[in-house]
Structure formats: C-alpha cells, structure tokens
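Peer 1: Predicted model and sequence follow; I will ask about them next.
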Amino acid sequence: TRSTRPQRLLKAVQKKAIKGDPQSVISTIDYFCRHSEWAMNVGDEKGAILDSVVCEVSPSTALELGTYCGYSAVRIARLLPPGTKLITLEFNPDYAAVARQIIEYSGLQDKICLVEGASGDLIPKMQELFGIKTLDFVFLDHWKDRYLPDIKLLEECQLLRKGSILLADNVICPGTPDYLEYVRNSPRYESKYFKSHLEYTKVEDGLEKSVFLG
Ligand SMILES: Nc1ncnc2c1ncn2[C@@H]1O[C@H](/C=C/CNC(=O)c2cc([N+](=O)[O-])cc(O)c2O)[C@@H](O)[C@H]1O
Ligand SMILES: [Mg+2]
C-alpha cells in the first residue's frame, strides 16, 4: 500500500538531514513541505514566533497538544534550558510512531516525552504521571475544536498558575473562533495576536499568546 505523507516526510529527514542536528531536521522538513508535499507543521514563519515565545518564557514545564510528526516538538525542545522536558500528547499511533523517529533523529529524545493518548484523558493525569504541579508553557496545535475544552480542563485541573503562557496555532486558518472569543474576553487571560501566514503559504494565519492571570 502507498506510504503516508508523514512516512514520506520521515524518509526525507532520514535521507537529507544531519543526524543529531535539530536545526537540520527543521530545515529539511520545511524544504520538503515547501517543495514536495505540504504538511500541517507550524512551519518556519510561525515557528520563528514560537521560538521567540519559548525563549522569552524559558519554561521549566512545557506541554504540547498534538505532536503530529514532531516538527514543533523539535523546535521547542531545542530551545529548552538543560534539565527541562517538553511533554507532547498525540493520540494517533501512526503519527506518534513517525514523530518518535523524527525526534530520535534530531537527538532530542532526552528532552521530549511523547505520550500516546487523548488530551482529554491525559490532562487530568498530568500531575501524577509527570510529577508536575503547574505548566509554564502550553502550545496548542491539535484539533481546533479541542482548544477551548482543553484549556478549561487545564484550569479545572489547576495546571495553570499566574503567568502561565498559552500559545495557540491556527487561530485564523483553519480558525478557532470559540477559543479566541474565550481568551480575548475572559478576565482570567491577557491575550495578544501575532499575525503571520499559514505554513508554507501566503494565506493569513497567526498565533494567539495568552497569559493566565490566576
Ligand atoms: N485530543 C487530542 N489529543 C491528542 N492528539 C490529538 C488530539 N486531537 C488531535 N490530535 C493530534 O493532533 C494533530 C492534529 C492537528 C490538527 N491540525 C490541523 O487541523 C491543522 C490544519 C491546518 N490546515 O488545514 O491548514 C494547518 C495547521 O497548522 C493545523 O494544525 C494530529 O496529529 C492528531 O492526531
Ligand atoms: Mg497548526
């Protein structure tokens, strides 16, 4: 049977990227998605904004919702201070398998904890599974109708503290209207929109950065 797009993306990384070099893995994926096959990675343009927020927050505890092929997990983990880890959740076993190999190829397997499962099931177990109290940084890039229920779940589970940063991809395209309305109108968040473009295209998209006020 024909390979899947994530499998073809993994092949390109194994063929073209330098093993153990996260930047080379990132550049190889961006080149592949721009010149061979588009894929829903956050990409280089929005990725630069993601990088700047990760560097600014310099999180001790970080969570990503929706690993897909591991592109943003590699982007985030390569910037984390020593001794800190990114927890990334992915419920599709085929995508998780590809992501593990891409993460391993980049050499960042000690900085990334990829957990297979649904965010709705795993978020309530985060404290016990990972021995964490609260999250400093959350990157949302999974199904767009899950952003709002999942941040409400993060609040309920007291995983957010005063100053926790949420960064959400695709708030314009494909769009997350209910999430945007919530974080922009809730007195519990201070929100800011970073205008950019949908990965590898000229279509407008952007990231929404929201600070939890406690
Ligand atoms: N509740 C959950 N728990 C764990 N993993 C979950 C999950 N819900 C979805 N996932 C996983 O997260 C990824 C989904 C991404 C949806 N992005 C998108 O649909 C998307 C689409 C476009 N686009 O169409 O242009 C552009 C983009 O940047 C996009 O992120 C997939 O790997 C999926 O298996
Ligand atoms: Mg996205």
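Peer 2: Noted; the coordinates are in hand. Ligands and ions are numbered 1, 2, ... in the order given.
Peer 1: mind checking which helix or strand of this structure has the lowest mean pLDDT?
Peer 2: Lowest on mean pLDDT, DSSP states H and E among the helices and strands of the chain sits helix 126-130, with a mean of 95.
Peer 1: Any residue of that one touching ligand 1?
Peer 2: No - using Cβ under 6 Å from any ligand atom, helix 126-130 stays clear of ligand 1, with a minimum separation of 12.8 Å. (C-beta placed from N, C-alpha, C; glycine too.)
Peer 1: ok, the residue of the chain found nearest ligand 1 - contacts?
Peer 2: Taking Cβ to the nearest ligand atom, ligand 1 has its nearest neighbour within the chain at G66, 2.9 Å off. For G66, the contacting residues are L89, E90, S119, L140, D141, H142, W143, by Cβ atoms under 8 Å, 6 or more residues apart in numbering.
Peer 1: Which stretches in the protein count as helices?
Peer 2: In the chain, the helices defined using DSSP state H lie at 5-16, 22-35, 43-57, 71-77, 93-106, 119-122, 126-130, 147-156, 177-185.
Peer 1: Buried deepest among the ones you listed, which one?
Peer 2: helix 71-77 (a mean of 28; mean count of other Cβ atoms under 10 Å).
Peer 1: got a list of contacts for that helix?
Peer 2: For helix 71-77, the external contacting residues (Cβ under 8 Å, 6+ apart) are 22, 25-26, 29, 41-42, 47, 50-51, 54, 62, 64, 67, 85-86, 88, 99, 102-103, 106, 108, 111-112, 114, 139, 141, 169.
Peer 1: What residues does the protein have near ligand 1?
Peer 2: 40, 66, 68, 89-92, 95, 118-120, 141-143, 146, 169-170, 173-174, 198-199.
Peer 1: one more time with 8 Å, if that's ok
Peer 2: Contact residues, the chain versus ligand 1 (Cβ under 8 Å from any ligand atom): 40-43, 46, 65-69, 89-92, 95, 117-120, 122, 141-144, 146, 150, 169-170, 173-174, 198-199, 201, 203, 205.
Peer 1: Select from the residues you listed every entry located in strands.
Peer 2: Members of those lying in strands (criterion: DSSP state E): L65, L89, E90, D205.
Peer 1: show me the contacts for the first one.
Peer 2: For L65, the contact set (Cβ under 8 Å, 6+ apart) comprises T88, L89, S119, V138, F139, L140, D141, H142, R146, Y147, D150.
Peer 1: who's in contact with the nearest residue to it once chain neighbours are set aside?
Peer 2: Nearest residue to L65, sequence neighbours excluded (Cβ to Cβ, 6 or more residues apart in numbering): H142, at 4.5 Å. Contact criterion Cβ under 8 Å, 6+ apart gives L65, G66, L89, S119, D150 as the residues in contact with H142.
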